[in-house]
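> Mind folding the following:
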Amino acid sequence: MGTFADYIDINDEVLDALRFCKPIVALESTIISHGMPYPENIKTALEVEDTVIQNGAVPATIAIIKGRIKIGLTPDELEYLAGSKEVSKVSRRDIPHIIALGQSGATTVASTMIFARIAGIKLFATGGIGGVHRGAEKSFDISADLTELAQTNVAVVCAGVKSILDIGLTLEKLETLGVPVLGYRTDEFPSFYTRSSGFGVDYKVHNPAECARILMAKWDLNLDGGVIVANPVPKEYEADSEVINTAIEKALQEAVKSNIKGKHVTPFLLSKVKELTVGESLETNIALIKNNAEVAAKIAVEYARLEE
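Below you'll find the model as predicted:
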């Protein structure tokens, strides 16, 4: 019977950081392969990694490349994910299939959390998490991200849930699962493209050190599961909520008409919203991902200090 080591390659820089308890930030790869068009995706991926470095942490972009789990990607591997049409979107259920058949996959929030936990990485930056889809009372379409957050000890810095989803029901589900929702310098849960949603957070945190102490207390007490650090998009990059909501409604109608289902829904909707907003949503998306990477790196630095 094999072990984790039989499936995982950790690049030298990340491995060195793990050995010496340096701050590390995990980064997902679905944003690269399915979240943005080329060449914006590769450009953004490199800029996000650089943002992590500039704020004192080591970036670890995660993906599956030809059946191998990669913790930390080379520039060539990032380019492959950005340009290849043979990369699947991989959540928890897809991992065994993709690995066993030697295929390549970009990790979602759920699968990135799984691999980060295996490697020993506590902080993870993404754009927005998945959640309860609109109309879930009929479709039962709820992202595996929420289940993973209930059981996997990784903190996820995000700009809230994607606004194509049902934010209220998502927060209700997170409460049921016992997942703390921390607002980074905000009392209100952000709505991905915009800074407000009309819903509150569980607790407001004022700085990275305070957030790191909460994470450590949670996991020291064996309160298994993740934490959401909800970080609003910078005000200067906030999208017009009316424009975004109109585009989302149109995109949702087209998804139903085209019978788009399952894991294809989110990339379809994000692409359609970008198209309908003439690129405004893409600019906001890029800005919020960089902002989340910066905050995650700062929290990772403080968490590493506490571990010392």
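> Scan the chain for its longest helix.
Secondary structure of the chain read by DSSP state H shows that its longest helix is helix 280-307.
> Can you point out the buried residues in it?
By neighbour count on 16 or more other Cβ atoms under 10 Å, the buried set for helix 280-307 is 280-282, 284-304. Using the backbone N, CA and C atoms, a C-beta is placed for each residue, glycine as well.
> Quick one: mean pLDDT over it.
Mean pLDDT, computed over helix 280-307, is 95.
> That helix packs against which elements?
Packing partners of helix 280-307 (3 or more Cβ pairs under 8 Å, 6 or more residues apart in numbering; DSSP states H and E): strand 24-27, helix 40-54, strand 123-125, strand 155-158, helix 208-220, strand 227-230, helix 241-257, helix 265-276.
> again, only using 6 Å
Packed against helix 280-307 by the contact rule (3 or more Cβ pairs under 6 Å, 6 or more residues apart in numbering; DSSP states H and E) you find strand 24-27, helix 40-54, strand 123-125, strand 155-158, helix 208-220, helix 265-276.
> For Ile164, find the nearest of the ones you listed.
Among the helices and strands packed on helix 280-307, helix 265-276 comes nearest to Ile164, with 4.5 Å by Cβ to Cβ.
> re the thing from before, to Ser139, which of the helices and strands packed on helix 280-307 lies closest?
Distance to Ser139, taken as Cβ to Cβ, is lowest for helix 265-276 among the helices and strands packed on helix 280-307, at 9.4 Å.
> now the strands for the stretch 101-250 of the chain?
For the stretch 101-250 of the chain, the strands defined by DSSP state E, counting those that start in this stretch cover 104-107, 123-125, 155-158, 181-184, 203-205, 227-230.
> possible to save those strands as CSV with mean neighbour count and mean pLDDT?
Output for those, formatted as CSV (neighbours: other Cβ atoms under 10 Å; pLDDT from 0 to 100):
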stretch, mean neighbour count, mean pLDDT
strand 104-107, 26, 97
strand 123-125, 31, 98
strand 155-158, 27, 98
strand 181-184, 22, 98
strand 203-205, 16, 98
strand 227-230, 26, 98
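> could you dump the ones you listed to JSON lines with distance to Leu18?
Output for the strands of the stretch 101-250 of the chain, formatted as JSON lines (distance: least, Cβ to Cβ, whole Å):
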{"stretch": "strand 104-107", "distance to Leu18": "18"}
{"stretch": "strand 123-125", "distance to Leu18": "13"}
{"stretch": "strand 155-158", "distance to Leu18": "17"}
{"stretch": "strand 181-184", "distance to Leu18": "25"}
{"stretch": "strand 203-205", "distance to Leu18": "26"}
{"stretch": "strand 227-230", "distance to Leu18": "21"}
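> now for the ones you listed, which one comes closest to Lys250?
With Cβ to Cβ, the closest approach to Lys250 among these belongs to strand 155-158: 24.7 Å.
> then that closest one to PDB, C-alphas only?
Provided in PDB are the C-alpha atoms of strand 155-158 (Å, rounded to 0.1, in the frame of the first residue of the first chain):
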ATOM      1  CA  ALA A 155      -7.800  29.100   6.400                       C
ATOM      2  CA  VAL A 156      -9.200  30.400   3.100                       C
ATOM      3  CA  VAL A 157      -8.700  34.100   2.400                       C
ATOM      4  CA  CYS A 158     -11.400  35.100  -0.200                       C
END
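> For the chain, give the strand that spans the most residues.
strand 58-65 (DSSP state E).
> Adjacent strands (with direction) for it?
Sheet pairing for strand 58-65, assigned by DSSP bridges, gives strand 24-27 (parallel), strand 68-71 (antiparallel), strand 104-107 (antiparallel).
> Sort out which residues of the second one are buried, please.
Applying a neighbour-count criterion of 16+ other Cβ under 10 Å, one finds 69-71 buried in strand 68-71.
> Can you tell me which of those residues is nearest Val25?
Ile71 (11.9 Å).
> For the closest one, which residues are in contact?
By Cβ atoms under 6 Å, 6 or more residues apart in numbering, the residues touching Ile71 are 10, 14, 60, 62, 119.
> ok, now His133?
By Cβ under 6 Å, 6+ apart, the contact set of His133 is 141, 165.
> will you turn the helices and strands packed on helix 280-307 into CSV that also has distance to Glu86?
Output for these, formatted as CSV (distance: least, Cβ to Cβ, whole Å):
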stretch, distance to Glu86
strand 24-27, 21
helix 40-54, 15
strand 123-125, 25
strand 155-158, 28
helix 208-220, 37
helix 265-276, 15
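> ranking these by mean pLDDT, which is last?
helix 265-276 (a mean of 74).
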